[in-house]
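Engineer: What follows is a protein structure lacking sequence information:
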């Protein structure tokens, strides 16, 4: 069973940066595409970024140019670098994995989920 553990969340002021990390264990990380999703209070979970096993990435329009997803298959890690944060980025951020090489923006495509890490951006 694949386990995903996020870290790196916290409270930051608008305009600052955070780097979220996701450590994977219990499976063959290099065979899973990975993604980041977020859920703000009272809202549905939404797509943020996804990356294929080969490192090809897609980002949501709302974060494009500010956030960057990356991975290291040798370290079983995926990261989300978040720059120029705004209060609208406040949410619980979830790391997710899906079997197969192709990235996906669909929440229903993912097979494994982390417990989430809180990101709060103050104005």
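Structural biologist: On my side now, so go ahead. Here the structure is a predicted model, which means the values were calculated and not measured. Numbers count the residues shown, from 1 in each chain.
Engineer: Can you give the contact residues for stretch 3-16?
Structural biologist: By Cβ atoms under 8 Å, 6 or more residues apart in numbering, the residues outside stretch 3-16 that reach it are 18-26, 84-87, 93-97, 112-123. Any C-beta I mention is one placed from the backbone N, CA and C, and that applies to glycine too.
Engineer: now those: which count as buried?
Structural biologist: In terms of neighbour count (16 or more other Cβ atoms under 10 Å), the buried residues within these are 18, 20, 22-24, 85, 93-97, 112-114, 116-117, 119, 121.
Engineer: Of those residues, which belong to helices?
Structural biologist: Counting by DSSP state H, none of the members of the buried ones among the contacts of stretch 3-16 fall within helices.
Engineer: In strands, which of the residues you listed appear?
Structural biologist: Counted as lying in strands by DSSP state E, out of these, are 18, 20, 22-24, 93-97, 112-113, 117, 119, 121.
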